[in-house]
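Novice: Mind looking at a prediction? Sequence and model below.
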Amino acid sequence: MSAVVVVGAGIVGSSVAYHLARRGVPVTLLEQGPSPATGVTGDSFAWIGGAGGDWPGGAQDLREYVLADYQRLQNELPHITVRRTGSLSWASTQAEDSRPGPGQFRIGRSDIAALEPHLRHPPDQAIHIPSDAGVDPAALTHALVAAAVAHGATVLHNTAVTSLQVAGGRVEGVLTSTGFHAAATVVLAAGTRVPKLCEPLSADLAIAASPATLARVTAPPGLVKTIVAGPDFEVREVREGDFLLVVPHVEGTAALERSVQDAFQRMKAAFQGSDQCRLLGYHTGQRPMPAHGPVIGYATNDRSVYVAVMHSAITLAPTVGRLIADELVTGRPAPELRRCRLRTH
Ligand SMILES: Cc1cc2nc3c(=O)[nH]c(=O)nc-3n(C[C@H](O)[C@H](O)[C@H](O)COP(=O)(O)OP(=O)(O)OC[C@H]3O[C@@H](n4cnc5c(N)ncnc54)[C@H](O)[C@@H]3O)c2cc1C
């Protein structure tokens, strides 16, 4: 197959580049930042859920493959770490608790205490999803990029794509801060920047940038054992002794600082032994949020530009990387992506 340029080394672009390279496609991955995962991927809570969560639009059709694709990826790249801890979720009142779906179990206080022995006040009930997992999103992205390179991909950092190069109505490559890169197909995996890059095309891309804030905390290893999503806090251990804490996002520096401190205090109040917790910092990422679920497919009739943008991309990346590579290599549309297509004029 002819050369593919992938724009953006977040989790999506890195997964696409890896899956293309391992199938022998000449691929160049261009990233504006100094290293992979400098976009929202590096700020992600990175909860991988096949059984819970929101699956808007065509994401619903990808759900059944998520856990198997993570297992496959681990078989292919044995050094990556997927923390299969399961998750525990509960609402502030039992009335708000959702009904357990397939793969989900309603459990009582003693089972919750067994799973989370440091929780000071286990709720009466929670939804337990044993199959839920989490990754270190930056480490996984770096591993995908390294594996793509091992399969022959070229990766250029500090290379910002400024525009698509259009000649005779066809996109022939990209113009970047460091020069022109020719491509038979350009894959746009630049997250929130994709609509801007697509401006010369008549593609209808309703993709919002949605801010979300994440704090990093050090604490005794194993303080939180599963992924805990209560009404007051959402927390998981990402590496031994390093925890990610979701912070309710508010606008304004002072208000956000208060929100971070409040979330940290709620976490400390919830767990025994949390006096050793230290807040390391926090960051707000801009999540690419397509209005109707994942947007994956060709943006031009001549197949010179392909778009891949979605929310919950940490969960979906191994699956969409595999399916996108398959479409580009075989030329056959993947039926699993049928409801993710762009509307073109
Ligand atoms: C607080 C928070 C919690 C989250 N929790 C979860 C979760 O639990 N589970 C889950 O699945 N998802 C979660 N997400 C969402 C998830 O992080 C995103 O869906 C995912 O990271 C998007 O990946 P991406 O590769 O599309 O975008 P990005 O990571 O933003 O990657 C795009 C890359 O393109 C580069 N780029 C942009 N423009 C250009 C250009 N012109 N030229 C070259 N390079 C360019 C950027 O530098 C960036 O590296 C969360 C997000 C946040 C912020």
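Specialist: All right, it came through fine.

Novice: hey, let's count contacts and neighbours off CA atoms from now on
Specialist: OK.

Novice: Which parts of this structure are helices?
Specialist: Counting by DSSP state H, the segments of the chain that form helices are 11-21, 59-62, 66-76, 109-115, 137-150, 194-197, 253-270, 313-330.

Novice: could you say what helices and strands the second one packs with?
Specialist: Under the contact criterion of 3 or more CA pairs under 8 Å, 6 or more residues apart in numbering; DSSP states H and E, the helices and strands touching helix 59-62 comprise an empty set.

Novice: hmm, back to that, JSON lines please, covering the helices of the chain and showing mean pLDDT and mean neighbour count.
Specialist: JSON lines is the format used below for those (pLDDT from 0 to 100; neighbours: other CA atoms under 10 Å):
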{"stretch": "helix 11-21", "mean pLDDT": "98", "mean neighbour count": "30"}
{"stretch": "helix 59-62", "mean pLDDT": "97", "mean neighbour count": "18"}
{"stretch": "helix 66-76", "mean pLDDT": "97", "mean neighbour count": "16"}
{"stretch": "helix 109-115", "mean pLDDT": "98", "mean neighbour count": "16"}
{"stretch": "helix 137-150", "mean pLDDT": "98", "mean neighbour count": "21"}
{"stretch": "helix 194-197", "mean pLDDT": "96", "mean neighbour count": "17"}
{"stretch": "helix 253-270", "mean pLDDT": "97", "mean neighbour count": "16"}
{"stretch": "helix 313-330", "mean pLDDT": "98", "mean neighbour count": "22"}
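
Novice: how about those, which one is nearest residue 184?
Specialist: Residue 184 lies closest, by CA to CA, to one member of the helices of the chain: helix 313-330, at 10.6 Å.

Novice: could you check the angle helix 137-150 makes with the closest one?
Specialist: 20 degrees (axes from the mean of the first three to the mean of the last three CA atoms, to 10 degrees).

Novice: Mind pulling up the pLDDT for the residue of the chain positioned farthest from its centre?
Specialist: Distance to the chain centre peaks in the chain at residue 168, reaching 35.8 Å (criterion: CA atoms, centre = their mean). Residue 168 carries a pLDDT value of 84.

Novice: For residue 340, grab the count of nearby residues.
Specialist: Per other CA atoms under 10 Å, the neighbour tally for residue 340 reads 23.

Novice: Show me which residues of stretch 170-180 are buried.
Specialist: Residues 170, 171, 172, 173, 174, 175, 176, 180 are the ones in stretch 170-180 that count as buried (16 or more other CA atoms under 10 Å).

Novice: Dump the residues you listed to a markdown table, plus distance to residue 236.
Specialist: Output for the buried residues of stretch 170-180, formatted as a markdown table (distance: CA to CA, whole Å):
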| residue | distance to residue 236 |
| --- | --- |
| 170 | 46 |
| 171 | 43 |
| 172 | 44 |
| 173 | 41 |
| 174 | 39 |
| 175 | 41 |
| 176 | 38 |
| 180 | 42 |
